[in-house]
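**Q** Sequence and computational prediction follow.
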Amino acid sequence: MKDSFSDLKIELIEDGIGDGLIVLEQDSSDNIGSITIHPVHLRYMAEKFGLVQTSDPQAQKTIATLTRRLCLLRDRIDHLADWLATYSDSRHADLTYEQTYAWATAEMADEFCEDFPEQGTEASGKPSPAAIAGQRQLAINADAK
């Protein structure tokens, strides 16, 4: 297989000796530079630059954990913003700053989680039973304090 871009030729070697190696050859003016890499090296570079998902199981586990935690934090921030807007005693105290700050933080958390696969909601977009139970527990904890 041979592909080429402007001044760059890419060739997959299939000669029985170096099968699977990739040759990159760049022609710039009078100089021709060539490098041969193994597909493992290409995969490593693609992972390092974020072009493909990592194949490292520990990294995948860490990403899943951080994704789950960030989504939980987003849900708690949303709950706090809703609670401040609904249940705060605005007649006796000016909580405009706190409410605005909570809503702005909730919007930031939504943006941080934008590219994640949807978690905590059903296909209808409504909160899942687990998410509702978590919100109830938050309310119970808040009432207990």
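**A** Yes, it's here.
**Q** Pull up the gap between Met45 and Ile37, please.
**A** Distance of Met45 to Ile37, given as C-beta to C-beta, to the nearest Å: 8 Å. Glycine gets a C-beta too; all of them are placed from N, C-alpha and C.
**Q** So Gly33 versus Ile77, what's the distance?
**A** Using C-beta to C-beta, Gly33 is found at 51 Å from Ile77.
**Q** Could you check which of the two has the larger neighbour count?
**A** Neighbours per residue (other C-beta atoms under 10 Å) separate Gly33 from Ile77, with Ile77 holding more: 19 against 10.
**Q** Sticking with that one, tell me its helix or strand.
**A** Counting by DSSP states H and E, the element that carries Ile77 is helix 57-87.
**Q** could you say what helices and strands that helix packs with?
**A** If contacts are counted by 3 or more C-beta pairs under 8 Å, 6 or more residues apart in numbering; DSSP states H and E, helix 57-87 sits against helix 96-112, helix 129-144.
**Q** For it, what is the distance to the chain centroid?
**A** 13 Å (C-alpha atoms, centre = their mean, to the nearest Å).
**Q** So which bits of that helix are buried?
**A** 71, 74-75, 77-81, 83-84 (16 or more other C-beta atoms under 10 Å).
**Q** Sketch out the low-pLDDT regions of the protein for me.
**A** Along the chain, segments meeting pLDDT under 70 span 1-4, 18, 118-145.
**Q** Show me it divided up by domain.
**A** Per automatic domain parsing, the structural domains of the chain span 2-48, 57-144.
**Q** if we can go back for a sec, which of the buried residues of helix 57-87 lies closest to Ala104?
**A** Ala81 (8.8 Å; C-beta to C-beta).
**Q** and the closest one, what is it in contact with?
**A** 99, 102-103, 105-106 (C-beta atoms under 8 Å, 6 or more residues apart in numbering).
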